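Novice: Fold the following, please.
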Amino acid sequence: MSETKNKVTTKSKKARSVHFKSGHGCMYVKSTFNTTHVSFTNMNGDVVCWSSAGTCGFKGAKRSTPFAATTIIEEGTRKAKSLGLTTVDVFLKGPGPGKDAALRILKTSSIEINLLADTTPIPHNGCRPKKTRRV
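Specialist: Predicted coordinates:
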């Protein structure tokens, strides 16, 4: 008797060829009260590398500290530099401690800043207030 075994074929993953062709890219920092995320894109908008509090090993309340934010930005810029980033446009969003940390780390790194923009959404009129209490 011949036994037939189910062969599981696995497809080999292609290596991602997304990188900074011209050395210019964009850095997006989303800083909330709980955590900080940073992502680097090339000029086409393709995400090349990213970093967050979870990928840097922070858990719980330590994610929202300024030290965690500096570590996240340092790791992200180190990844981006290894892929060929030299100049960057920076877009900051949110009220957390990561905004100040991002600027401090970028000043000390060898990456040149072309544009610095704060894209935090600000309501022009806000939410509708509660109706007045009648007694």
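
Novice: And the next helix or strand past the one helix or strand in the chain whose mean pLDDT sits lowest?
Specialist: Within the chain, no helix or strand scores below helix 98-108, which has a mean of 87 by mean pLDDT, DSSP states H and E. Scanning forward in sequence from helix 98-108 by DSSP states H and E, the next helix or strand is strand 112-118.

Novice: What's the mean pLDDT across that following strand?
Specialist: The average pLDDT within strand 112-118 is 93.

Novice: can you map out the strands along the chain?
Specialist: Ranges of strands in the chain, per DSSP state E, are 24-31, 36-42, 47-52, 87-93, 112-118.

Novice: Present those as TSV; the columns should include distance to residue 104 and mean neighbour count.
Specialist: Using the backbone N, CA and C atoms, a C-beta is placed for each residue, glycine as well. Output for the strands of the chain, formatted as TSV (distance: least, CB to CB, whole Å; neighbours: other CB atoms under 10 Å):
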stretch	distance to residue 104	mean neighbour count
strand 24-31	12	22
strand 36-42	13	23
strand 47-52	16	18
strand 87-93	12	18
strand 112-118	12	12
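
Novice: Relative to residue 130, which of the ones you listed is closest?
Specialist: Comparison of these against residue 130 by CB to CB identifies strand 87-93 as nearest, at 28.4 Å.

Novice: relative to strand 36-42, how tilted is that closest one?
Specialist: For strand 87-93 against strand 36-42, the angle by axes from the mean of the first three to the mean of the last three CA atoms, to 10 degrees is 140 degrees.

Novice: Run the chain-centre distance for strand 87-93.
Specialist: Relative to the chain's own centre, strand 87-93 is displaced by 10 Å; criterion: CA atoms, centre = their mean, to the nearest Å.

Novice: Run the angle between that strand and helix 98-108 for me.
Specialist: Put simply, strand 87-93 runs at 170 degrees to helix 98-108, going by the same axes, to 10 degrees.

Novice: Can you give the strand pairings for strand 87-93, parallel or anti for each?
Specialist: For strand 87-93, the paired strands and their directions (DSSP bridges) read strand 24-31 (parallel), strand 112-118 (parallel).

Novice: Can I get that strand as CSV, trimmed to CA atoms?
Specialist: Written as CSV, here are the backbone C-alpha positions of strand 87-93 (Å, rounded to 0.1, in the frame of the first residue of the first chain):
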residue,chain,number,x,y,z
THR,A,87,16.3,64.7,4.3
VAL,A,88,12.9,64.6,5.7
ASP,A,89,9.5,66.5,6.0
VAL,A,90,8.1,66.1,9.5
PHE,A,91,4.4,66.0,10.2
LEU,A,92,3.4,66.0,13.9
LYS,A,93,0.0,65.1,15.2
